[in-house]
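Asks: Predicted model follows, preceded by the sequence.
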Amino acid sequence: MINILFVCMGNICRSPTAQGVFEALVRAEGLDHAIAADSAGTHAYHIGKPPDDRSAAAAARRGIDISHQRARQAGPDDFHAFDLILAMDRDNHGILALQAPEALDWRLRLFLEFAPELGIRDVPDPYYGGADGFERVLDLAEAASRGVLDEIRTVYGDRLDPPGSQG
């Protein structure tokens, strides 16, 4: 399994949305046998809580159910468990970089690196804004998720073949 972790601050808005969007893309591409995703936060504000109602509602309008997710805090062990750790912004990237074992720090990237055509580096936090912020996060997650999947196809190639196939 190729394991991808999406990380924001509290794990109730951006990262669960990114996880849901990415999982939906992986399922649509028939790759859920080979790729798994999770999300976490750099802070312990909301551990055990579901995604923000506004995030869940915006995702649901696009046919993505994130209501089953529960917030958790990211930690150094995640660098061993995940092949790619995607920070939603530079602040959270910096926090994660301090936790990264030196031999595994290459696994940490900014999520929007995978959508350079957008011309931005940080997924804005919609928490204190209006409904349009949650829609914007979905738009950004859709664009970057395609880029992440393209990268996985390039890097992991044969590991994506269905079980029992000849490749």
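Replies: Arrived safely.
Asks: can you give me the strands for the protein?
Replies: For the chain, strands defined by DSSP state E occupy the ranges 2-8, 35-41, 84-87, 108-110.
Asks: now the angle between strand 35-41 and the first one, please.
Replies: Taking axes from the mean of the first three to the mean of the last three Cα atoms, to 10 degrees, strand 2-8 and strand 35-41 form an angle of 20 degrees between their directions.
Asks: please begin residue numbering at 541 from this point
Replies: Okay, using 541 as the starting number, the last item reads as strand 542-548.
Asks: in strand 542-548, what counts as buried?
Replies: Buried residues in strand 542-548, counted by 16 or more other Cβ atoms under 10 Å: 542, 544, 545, 546, 547, 548. Bear in mind the C-beta positions are built from the backbone N, C-alpha and C, glycine included.
Asks: Starting from it, tell me which strands it pairs with and how they run.
Replies: Strand pairing for strand 542-548, determined by DSSP bridges: strand 575-581 (parallel), strand 624-627 (parallel).
Asks: Deepest in the core, which of those strands is it.
Replies: Most buried of those, by mean neighbour count (mean count of other Cβ atoms under 10 Å): strand 624-627, with a mean of 26.
Asks: just to revisit the earlier point, need the buried residues of strand 542-548 in CSV with pLDDT, can you?
Replies: Shown next, in CSV, are these (pLDDT from 0 to 100):
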residue, pLDDT
542, 97
544, 98
545, 98
546, 98
547, 98
548, 98
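Asks: Next, format the residues you listed as a markdown table and append distance to residue 610.
Replies: Putting the buried residues of strand 542-548 into a markdown table (distance: Cβ to Cβ, whole Å) gives the following:
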| residue | distance to residue 610 |
| --- | --- |
| 542 | 22 |
| 544 | 18 |
| 545 | 14 |
| 546 | 14 |
| 547 | 15 |
| 548 | 14 |
